[in-house]
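Sequence and computational prediction follow.
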Amino acid sequence: MFRRLLFIFTVTLLFFSSCRKDFGWVPDQQKKSILFSSKISGQVLTRMSGSQWDNNDSISVFMYHGDALNQNTVLSEGFNKQFITNSSGNFSPKTTADAMNFPADKEVRFVAFYPYKNSLDFHRDLDISDQEDQDQIDYLLGKSASTLGYQQGAVQLKFERVMAKIQVRVKAKGIQAVTAKLSPLLTAATFQIGQAELNPQKTFKDVSGKVISTGDETVIEWVVFPGKLESQSRMVFKSNTGETYTWEIGKLGTEYEQGNRYSYDINLSDGGIVDPKPAVSYMELPVISNSTELEYNFKMTPDRSKRNYSMLYDKKNRIAHWVAYPLSKDYLGRQSRTNRWAFDPNFPDYTQPLLRKGFGVSGIDRGHQIPSADRTRNAAENATTFYYTNMTAQTSSLNQGVWAKLENQIRSWTTVSGVDTMYVVTGAGLSFANGSIDYVQDNQGNRVAKPKYYYKALAVKRGTAYYTIGFYMENKVTPTKANFSSYRMTVSELERKTGYQFFPGIPRETKNKINDAIWR
């Protein structure tokens, strides 16, 4: 029997390529021998294990002389050579026959493609009908990083992802072993390596997603070709008892872009029939430009029973641009502050500020983006709010005054009758229109960006309707008696100020107004 598919909490557009790989390498071979280091742009992990390539990953490498790779510019001694890595991200020839040397009389450039295929041409036939081994369909195109040609030295290849990804996080009370198929799904295309051109074929199939269990959640993923799904495309979920649930995802009309991951959090519930327009609420984790210095990180609670928070972390400036999280009674309890100041285990220590002694500047606090008081269920959850990645250089009078009052009020709004979950995005803006950034120092003398302003975007469902509100405060000395209501604005106005889009599934007219009966 078909059931209604009810969506709750978030739909997020996330960059589909996480943990930038940037490996320094000094060759110990002769200057003319060619070896490669690699960098993969973006944020979100897919095929790589941890922060590395998998052992024995191999790529096709083409060496050419000219402006673009084609049959006239490729060098015969550099045609489709197989290079392999030991998981370090540094590539060397698999066999002596794959070795390449720099020509003595010309500068050369390089193009690479993952995975390697023994082929006599410049195109690859791509097939995504089998999603179980997603590392084999995580197609990557690499180019030599320098715009100039090479005559010697190590060559760095910069890789970009060819595909997009759809991820669904499924929660279903009392339902176990959820699987899902997406149909019809385009499953075949050809890729022209020289032109970086993807040509879809008219091959459609019913494709099972890759299932990953995460505590009470089931995560199901599909690697898909960029573009829109067919308008009739549906996701059909099935439990181990045979119950089915259908979502007509094709009707969204989403343009799935190369290199991006689109994540949907949903609940399955009894509904009797299929609802062609299921109730939808979204919480947007703000969309960002692809950058090797920014890294998206999603955290579960330490016991992996529920989602904790997500952040966009700036490794160069040692600050999170925003932290997004759900807030409900499930996260609140009687746990006091643990004060377990520590490095975030999800990022290298050297990318984080050391703040064990604070910022060492009078009038500047270690301001939490997700407050300690928003994670008081137990000590382990509270400790995650004391990671240095969650800290910002916040003016003391703001942090301890009107900002703290706002945080207390958000918890009050969360715990009133009729509220299940409050969706919160807290952000720190580094600059105004002039683009300048101010810095303070951590305990080791490293520069840490000091925000120019802070903001919060809130969304909550009461009954069948959603309500939103925004707050915007400059990071400066504020009066003790300041009232947070003086800093409120519509979410639409907050979007214009910050450049981010919040809650895309909520109608524009809802984001254009503030309901005083809700936010009082």
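In hand now; what should we look at?

Show me the shaky parts of the stretch 401-520 of the chain.
Counting by pLDDT under 70, the stretch 401-520 of the chain shows low-confidence ranges at 434, 505.

How about I34: what's its closest non-neighbour residue?
Residue nearest to I34 in three dimensions, not counting chain neighbours: M100, with 4.6 Å by Cβ to Cβ, 6 or more residues apart in numbering. Just so you know, the C-beta spots here come from the backbone N, C-alpha and C atoms, and that holds for glycine as well.

gap between that neighbour and N56?
Counting by Cβ to Cβ, to the nearest Å, the separation of M100 from N56 is 20 Å.

Could you check which of these two is surrounded by more residues?
The residue with the greater number of neighbours, taking M100 and N56 and applying other Cβ atoms under 10 Å, is M100; the counts read 23 against 10.

so where's the longest helix in the protein?
Looking only at the chain and at elements set by DSSP state H, the helix with the highest residue count is helix 402-414.

Beyond it, next helix or strand please.
Reading on from helix 402-414 to the C-terminus, the next helix or strand found by DSSP states H and E is strand 422-429.

The helix or strand following that following strand: how far from the chain's middle?
Reading on from strand 422-429 to the C-terminus, the next helix or strand found by DSSP H and E is strand 438-441. Going by Cα atoms, centre = their mean, to the nearest Å, the spacing between the C-alpha centre of strand 438-441 and its chain's C-alpha centre is 27 Å.

likewise stretch 447-464?
Distance of stretch 447-464 from the chain centroid (Cα atoms, centre = their mean) equals 18 Å.

go on, stretch 451-465?
20 Å.

buried ones in stretch 444-464?
Neighbour-count burial for stretch 444-464 flags 448-461 (criterion: 16 or more other Cβ atoms under 10 Å).

now these in a markdown table, with distance to R169?
Listed next are these as a markdown table, based on distance: Cβ to Cβ, whole Å:
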| residue | distance to R169 |
| --- | --- |
| V448 | 33 |
| A449 | 31 |
| K450 | 35 |
| P451 | 30 |
| K452 | 34 |
| Y453 | 32 |
| Y454 | 28 |
| Y455 | 26 |
| K456 | 24 |
| A457 | 21 |
| L458 | 21 |
| A459 | 18 |
| V460 | 20 |
| K461 | 18 |
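
Now that we have these, can you turn them into TSV and tack on distance to N118 and secondary structure?
Shown next, in TSV, are these (distance: Cβ to Cβ, whole Å; DSSP: H, G, I helix; E, B strand; the rest coil):
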residue	distance to N118	secondary structure
V448	50	strand
A449	48	strand
K450	54	strand
P451	53	coil
K452	55	coil
Y453	55	strand
Y454	55	strand
Y455	53	strand
K456	55	strand
A457	51	strand
L458	55	strand
A459	52	strand
V460	57	strand
K461	55	strand
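
so when I look at K205, I'm seeing a strand, right?
Yes. Inclusion of K205 in a strand is indicated when DSSP: H, G, I helix; E, B strand; the rest coil is applied.

what's the distance between it and K181?
Distance, K205 to K181, using Cβ to Cβ: 10 Å.

Name the residues that touch the longest helix of the chain?
For helix 402-414, the surrounding residues in contact (Cβ atoms under 8 Å, 6 or more residues apart in numbering) are 327-329, 332, 367, 371, 373-374, 394, 419, 421-422, 424, 454, 456, 458, 460, 471, 473, 478, 482-484, 487, 518-519.

just the angle between it and strand 422-429, please?
Angular relation of helix 402-414 and strand 422-429 on a 0 to 180 degree scale: 160 degrees, by axes from the mean of the first three to the mean of the last three Cα atoms, to 10 degrees.

From the chain's centroid, how far away is helix 402-414?
Relative to its parent chain, helix 402-414 has a centroid offset of 28 Å by Cα atoms, centre = their mean.

Quick one: the helices in the protein, in order.
For the chain, the helices defined by DSSP H cover 379-383, 396-399, 402-414, 491-498, 508-511.

As CSV, these with mean neighbour count and distance to P93 would be great.
What follows is these, written out as CSV (neighbours: other Cβ atoms under 10 Å; distance: least, Cβ to Cβ, whole Å):
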stretch, mean neighbour count, distance to P93
helix 379-383, 18, 47
helix 396-399, 18, 56
helix 402-414, 18, 57
helix 491-498, 18, 48
helix 508-511, 15, 55
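
These into TSV, with extra columns for distance to N308?
Converted to TSV, those look like this (distance: least, Cβ to Cβ, whole Å):
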stretch	distance to N308
helix 379-383	7
helix 396-399	22
helix 402-414	16
helix 491-498	23
helix 508-511	26
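
quick one: which of those is nearest L198?
Taking Cβ to Cβ as the criterion, helix 491-498 is the member of the helices of the chain that comes nearest to L198, at 32.1 Å.

mind saving the C-alpha coords of that closest one as CSV?
Output in CSV follows, covering the C-alpha atoms of helix 491-498 (Å, rounded to 0.1, in the frame of the first residue of the first chain):
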residue,chain,number,x,y,z
VAL,A,491,14.3,36.8,6.6
SER,A,492,14.0,38.4,3.2
GLU,A,493,15.9,41.5,4.4
LEU,A,494,18.5,39.3,6.1
GLU,A,495,19.0,37.5,2.8
ARG,A,496,19.7,40.9,1.1
LYS,A,497,22.2,41.9,3.8
THR,A,498,24.1,38.6,4.0
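
What is that helix packed up against?
Contact partners of helix 491-498 among helices and strands, from 3 or more Cβ pairs under 8 Å, 6 or more residues apart in numbering; DSSP states H and E: strand 453-462, strand 465-474, helix 508-511.

With L35 as the reference, name the closest of those.
Taking Cβ to Cβ as the criterion, L35 comes closest to strand 453-462 out of the helices and strands packed on helix 491-498, the separation being 46.4 Å.

what angle separates the closest one from strand 422-429?
Angular relation of strand 453-462 and strand 422-429 on a 0 to 180 degree scale: 170 degrees, by the same axes, to 10 degrees.

remind me which residues of the chain are low pLDDT?
Residues of the chain meeting the criterion pLDDT under 70: 1-32, 39-52, 145-149, 172-176, 214-216, 269-292, 434, 505.

Centre of it to the edge, which residue is at the far end?
D105 (44.3 Å; Cα atoms, centre = their mean).

Can you give me the distance of that residue to D516?
In this structure, D105 and D516 are separated by 76 Å, where distance is defined by Cβ to Cβ.

cool, and P184?
Computed with Cβ to Cβ, the distance linking P184 and D516 is 48 Å.

So the two - more neighbours on which side?
Between P184 and D516, counting by other Cβ under 10 Å, P184 is the more crowded of the two (16 against 9).

what's the spacing between the more buried one and G427?
The spacing between P184 and G427, counted by Cβ to Cβ, is 39 Å.

same check, this time on T246
36 Å.

May I see the buried residues of stretch 108-118?
When neighbours are counted by 16+ other Cβ under 10 Å, the buried residues of stretch 108-118 are found to be V108, R109, F110, V111, A112, F113, Y114, P115, Y116.

Stretch 331-345 too?
Y331, L332, Q335, T338, W341, F343, D344.

Check stretch 186-193 too.
Judged by neighbour count (16+ other Cβ under 10 Å), stretch 186-193 contains these buried residues: L186, T187, A188, A189, F191, I193.

hey, what's L268 bridged with?
In this structure, L268 has beta-bridge partners L5, where bridges are defined by DSSP bridges.
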